[in-house]
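**Student:** I'll drop the sequence and a predicted model, then ask my questions.
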Amino acid sequence: MRVGYPCINRSIGCKSDRTFRLRSYSKQRLVETVENNLNCLFKILTFNLKNHLLFFRITSDLIPFASHSICRFNWQDHFRGKFEEIGGLIRGAGMRISMHPDQFTLINSVDDEIFMRSERELAYHAQVLDLMNLDASAKIQIHIGGVYGNKEESMRRFVERFYRLDDAIRRRLAIENDDKLYCLRDCLNISADTGSPILFDVFHHGRYNSGESVQQAIESIMGTWNKKRDGIPMVDYSSQMCDGSPNQHAETLDMSDFGAFLKCTSRYDFDVMLEIKDKEKSALKAVKAIESPRYKPII
DNA sequence: TCACGTCAAGCAGAT
DNA sequence: ATCTGCTTGACGTGA
């Protein structure tokens, strides 16, 4: 089990997701921003390595407007050396990487234009991971998408569109259960048709499920990961804010909840991403718990 | 230096 | 109709 946190590090004083407004776009602005973002990403990964945090989600804002038609600059070639350097650090340390395109990326949209924009966005994510020379265990996690008034039809459309994507994208996709529209059971159906592994989100599952316990859920997704190609499963974990909207992620990791989670899933090996507001602080708490003998997974 | 209106993109549910 | 959440504030103008 590797422990990680998404996108942002709050303690090292740099940001790898700096961006700018579309109307301020210029080649120079892009180069400056990306240079900053890649340098910061290297610093974050170095920090993570030092602190035994071996799982990290790279922000989708790493290259602002990468999939937008305004971007004509060949950032791939321009930053090739930097990407290779970062990839070398990741591979050398045995770190795990994920990316999570935002809610505008919809493979199953009824609108073909939205699908094509989504395809370009996914291609950008795959390129980042390819440029780092990471294998297909570095995943791009996406939700199934919208329902558009007909869930069955929308799931069929997802599968049909999936096979229209380039293999450079397909091999990296992992399907994540969401909290409203597509639950674990839906993901299992999609996974059976596409061969994509399921990235299990514990928090979403708590809000929308078809009755499976967390342990049963983990059991059911294990087989969707082809260990040789995909690596061990990835799991997103967050604790609920105790006092506020039930949607929001907690301020910090609740160790008794997390301890219980580790206990009930100790038969399985997977990497866990902690989606908690205080980011690396909670991840550090989790690493400490996992390294303590009472939570040692039985593998 | 600070306040604050606005920011590439979509969907669904609440108000 | 408009607002909010999603993984998450922060860019950039004007004073």
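**Tutor:** Arrived safely, thanks for sending.

**Student:** and the strands in chain A, which stretches?
**Tutor:** A:3-6, A:55-58, A:96-99, A:139-142, A:173-176, A:198-201, A:234-237, A:271-274 (DSSP state E).

**Student:** make sure residue A:264 is actually in contact with residue A:214.
**Tutor:** Yes - contact status for residue A:264 versus residue A:214: in contact at 6.2 Å, counting by Cβ atoms under 8 Å. Heads up, the C-betas are built off the backbone N, CA and C, glycines and all.

**Student:** between the two, which one's more packed in?
**Tutor:** residue A:214 (18 against 13; other Cβ atoms under 10 Å).

**Student:** contacting residues for the more buried one?
**Tutor:** A:202, A:205, A:261, A:264, A:265 (Cβ atoms under 8 Å, 6 or more residues apart in numbering).

**Student:** can the helix ranked longest in chain A be said to contact DNA strand B?
**Tutor:** With secondary structure taken from DSSP state H, chain A has its longest helix at helix A:27-50. No - for a cut-off given as Cβ under 7 Å from any atom of the strand, helix A:27-50 has no contacts with DNA strand B; the smallest distance is 11.5 Å.

**Student:** centre of the chain to stretch A:111-122, how far?
**Tutor:** Distance, stretch centre to chain centre, for stretch A:111-122: 19 Å (Cα atoms, centre = their mean, to the nearest Å).

**Student:** oh sorry, the question was meant for stretch A:114-128
**Tutor:** In terms of Cα atoms, centre = their mean, the centre of stretch A:114-128 is found 15 Å from the chain centre.

**Student:** could you do stretch A:194-213 as well?
**Tutor:** On Cα atoms, centre = their mean, the centre of stretch A:194-213 falls 14 Å from the chain's centre.

**Student:** near DNA strand B, anything from that stretch?
**Tutor:** No - using Cβ under 7 Å from any atom of the strand, we find that stretch A:194-213 stays clear of DNA strand B, coming within 10.3 Å at best.

**Student:** extract the C-alpha trace of that stretch and format it as PDB.
**Tutor:** Taking Å, rounded to 0.1, in the frame of the first residue of the first chain, the C-alpha atoms of stretch A:194-213 are listed here in PDB:
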ATOM      1  CA  THR A 194     -14.300  -2.200 -21.700                       C
ATOM      2  CA  GLY A 195     -11.700  -4.100 -19.600                       C
ATOM      3  CA  SER A 196     -11.000  -0.900 -17.700                       C
ATOM      4  CA  PRO A 197     -10.100  -1.300 -14.000                       C
ATOM      5  CA  ILE A 198     -12.400   0.400 -11.400                       C
ATOM      6  CA  LEU A 199     -11.000   3.000  -9.200                       C
ATOM      7  CA  PHE A 200     -13.000   2.700  -6.000                       C
ATOM      8  CA  ASP A 201     -14.000   5.900  -4.200                       C
ATOM      9  CA  VAL A 202     -15.000   5.000  -0.600                       C
ATOM     10  CA  PHE A 203     -16.700   8.300   0.100                       C
ATOM     11  CA  HIS A 204     -18.800   8.300  -3.100                       C
ATOM     12  CA  HIS A 205     -19.700   4.700  -2.300                       C
ATOM     13  CA  GLY A 206     -21.100   5.700   1.100                       C
ATOM     14  CA  ARG A 207     -23.400   8.200  -0.600                       C
ATOM     15  CA  TYR A 208     -24.600   6.000  -3.500                       C
ATOM     16  CA  ASN A 209     -24.400   2.200  -3.600                       C
ATOM     17  CA  SER A 210     -26.400  -0.900  -4.100                       C
ATOM     18  CA  GLY A 211     -25.900  -2.300  -0.600                       C
ATOM     19  CA  GLU A 212     -22.300  -3.600  -0.700                       C
ATOM     20  CA  SER A 213     -20.100  -3.100   2.300                       C
END
